[in-house]
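A.B. asks: quick one, structure for this:
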Amino acid sequence: ASLLCFTFFIIEVIGGILAGSLAVLSDAAHLAADLSAFVVAIAGSHIAGLPASNSHTYGLKRTESLAALFSMVSLAILSLGLAVEAIRRMWEIYYVGETTQVDGKLMSTIAFIGVIVNVILAFVLGEDHVHMVVSRPSFELLTLR
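C.D. replies: Numbers count the residues shown, from 1 in each chain. Predicted structure coming up:
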């Protein structure tokens with residue numbers, strides 16, 4: 001899953017730049033966040049499973065929490081970068097009078113391939129790939145009126 005995600009991430013970055021599409025670049029940022037989450041979760045889980053030592057008497061169990069924090073911070077940084085680019089483009093339209101040309105055919109082709117890749121990733125990852133985990137008690141609190 002990580003290899004497929006990384007490969008299509010590279011395709012989306014190159015295609016998004018060539019097409020001038022912020023939408024494709026934002027999906028590339030989404031894939032980057034997913035990919036970093038995969039890698040950080042695997043590394044964090046491995047480190048957290050290491051036994052306690054003289055210098056780490058309780059082990060490294062909190063590594064998983066730090067890995068999740070890193071994943072969220074990287075997503076926030078990517079989102080901030082996309083917001084800056086969107087504001088820059090709006091500035092060009094309103095104050096400079098120029099627009100960024102978007103190659104719709106290339107953008108649509110990459111988006112179509114993206115749908116296929118996302119479906120493949122959904123099958124490969126199964127129920128393990130979720131963006132928001134809501135436990136049953138939390139869900140019941142959310143639905144109380």
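A.B. asks: report the separation between G15 and M107.
C.D. replies: Distance, G15 to M107, using CB to CB, to the nearest Å: 8 Å. For the C-beta atoms, the positions are set from N, CA and C on the backbone; glycine is no exception.
A.B. asks: quick one, which of those two is more surrounded?
C.D. replies: G15 (23 against 19; other CB atoms under 10 Å).
A.B. asks: which non-adjacent residue is nearest the more buried one?
C.D. replies: I110 (4.2 Å; CB to CB, 6 or more residues apart in numbering).
A.B. asks: give the contact list for that neighbour.
C.D. replies: 11-12, 15-16, 19, 21, 24 (CB atoms under 8 Å, 6 or more residues apart in numbering).
A.B. asks: restricted to helices, list those.
C.D. replies: 11-12, 15-16, 19, 24 (DSSP state H).
A.B. asks: return the closest of those residues with respect to F70.
C.D. replies: E12 (22.1 Å; CB to CB).
A.B. asks: so S53 is in which element?
C.D. replies: Here S53 is covered by no helix or strand, with elements defined by DSSP states H and E.
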